[in-house]
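Enquirer: structure for the following, please:
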Amino acid sequence: MQALIVGCGDVGCRLALRLQLRGIGVTGVVRSAASATALARLGITPRIADLDADVIADLPAADWLFHFAPPPETGETDPRLVGVLAALGAPPSRFIYLSTSAVYGDCEGRWIDEQESLKPKSARGHRRLDAERTTLAYARDHGIAAMILRVPGIYGPGRLPLQRLNAGTPLVQRDQSPYTNRIHADDLASAAQRVAELGIDGAAYNVSDGQPTTMTDYFLRCARLLGVPPPPEQPLAEAMQSMSPMLKSFLEESKRLSNRRLVEELGWRPQYPSLDSGLPASLDADLVVRAFAGAA
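Expert: Predicted coordinates:
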């Protein structure tokens, strides 16, 4: 078997290592020569491609296609995905698209599952919803199975917010911080593998640890773990003025994601079911982080 991972960064490499243990050959599509070198260090066959080119060079055929590359940062569609699908020599048998929980929009802190209506609030959410629809349409047209992964904030080795904590950027005061959800990078990779193996055609799966907290709680936990002073807290309206567009979109959309479908229907279990176990496991640079850092 062969797998093709488009956008084979940190999570893609973690997935690739899992697939290789199953004897599956993996080609990872990346943008730069430096990333290609990192993949080669991990034994992953690299393919360099510019997903913003008018025409993307032909991509190798694969049994499983994982599309992990994000859409462009502007607009409300995903032309990168359209270009990738046009560049495929032959359709895969199974197609897994990595989307975002932003497609649900703001749910006012409610627990939601995959039956929740899709009402994206941010441009980021609209782009991902467009990509979900493109994925399912392609699968219908080619008679293949397609599954959607709806993913919240990802954390793990090399992903802790040390720079932001050192800068002392204020947090939202605790009683105003909305619910946010997270998944450890290794658990996202294992969920992607399980969905490729057992996922139901046309289904979407929330991929979270099932233990939502708040963004303020997350940053305070990281500060304690990393041994840095906790940032000051301020009202939500003031904190939003210093946030990046990505962080703002998280703070504007409060929801609690249920992972029941993934757990009960596919038998998936996270290795890190909460921040209590996942954060300490994120402290040290692991094989993937070292590969991208150029370490031996």
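
Enquirer: please make it C-alpha for all contacts and neighbour counts, starting now.
Expert: Will do.

Enquirer: count of neighbours near the closest residue in space to residue 32 that isn't next to it in sequence?
Expert: Sequence neighbours aside, residue 48 is the residue nearest to residue 32 in space, at 6.3 Å (criterion: Cα to Cα, 6 or more residues apart in numbering). For residue 48, the tally of surrounding residues (other Cα atoms under 10 Å) stands at 16.

Enquirer: what's across from residue 48 in the sheet?
Expert: When assigned by DSSP bridges, residue 48 has beta-bridge partners residue 30.

Enquirer: is residue 291 located within a helix, as I assumed?
Expert: Yes: under DSSP: H, G, I helix; E, B strand; the rest coil, residue 291 sits within a helix.

Enquirer: show me what residue 171 bridges to in the sheet.
Expert: Beta-bridge partners, per DSSP bridges, of residue 171: residue 233.

Enquirer: now do the contacts for residue 81.
Expert: Contact analysis of residue 81 by Cα atoms under 8 Å, 6 or more residues apart in numbering lists 67, 71, 131, 134.

Enquirer: mind doing that once more with 7 Å?
Expert: By Cα atoms under 7 Å, 6 or more residues apart in numbering, the residues touching residue 81 are residue 131.

Enquirer: in which helix or strand would I find it?
Expert: Secondary structure assignment for residue 81, by DSSP states H and E: helix 79-87.

Enquirer: any idea which helix or strand comes after that helix?
Expert: strand 94-100.

Enquirer: now for that next one, which elements pack on it?
Expert: When contacts are defined as 3 or more Cα pairs under 7 Å, 6 or more residues apart in numbering; DSSP states H and E, strand 94-100 packs onto strand 64-67, strand 145-151.

Enquirer: compare the ones you listed and give me the one nearest residue 13.
Expert: Ranking the helices and strands packed on strand 94-100 by proximity to residue 13 (Cα to Cα) places strand 64-67 first, at 11.5 Å.

Enquirer: paired strands for that closest one, with orientation please.
Expert: strand 2-6 (parallel), strand 94-100 (parallel).

Enquirer: now the shortest one and helix 79-87, what's the angle there?
Expert: Okay, so that is strand 2-6. Strand 2-6 runs at 150 degrees relative to helix 79-87, counting by axes from the mean of the first three to the mean of the last three Cα atoms, to 10 degrees.

Enquirer: go through the following helix or strand past strand 2-6 and flag the buried ones.
Expert: Using DSSP H and E, the next helix or strand after strand 2-6 towards the C-terminus is helix 10-21. Buried residues in helix 10-21, counted by 16 or more other Cα atoms under 10 Å: 10, 11, 12, 13, 14, 15, 16, 17, 18, 19.

Enquirer: ok, and what's touching helix 10-21?
Expert: With Cα under 7 Å, 6+ apart as the criterion, helix 10-21 contacts 5, 26, 185, 186, 189, 190, 193, 288.

Enquirer: how far does stretch 265-285 stretch from start to finish?
Expert: One end of stretch 265-285 to the other measures 33 Å (Cα to Cα, to the nearest Å).

Enquirer: dump the strands paired with strand 64-67 to CSV, plus mean pLDDT.
Expert: Conversion of those to CSV gives the following (pLDDT from 0 to 100):
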stretch, mean pLDDT
strand 2-6, 98
strand 94-100, 98
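
Enquirer: hang on, the earlier thing: check the offset of the helix holding residue 81 from the chain's centre.
Expert: The chain centroid and the centroid of helix 79-87 are separated by 19 Å, computed with Cα atoms, centre = their mean, to the nearest Å.

Enquirer: pLDDT-wise, which helix or strand of the protein ranks last?
Expert: helix 245-251 (a mean of 78; mean pLDDT, DSSP states H and E).
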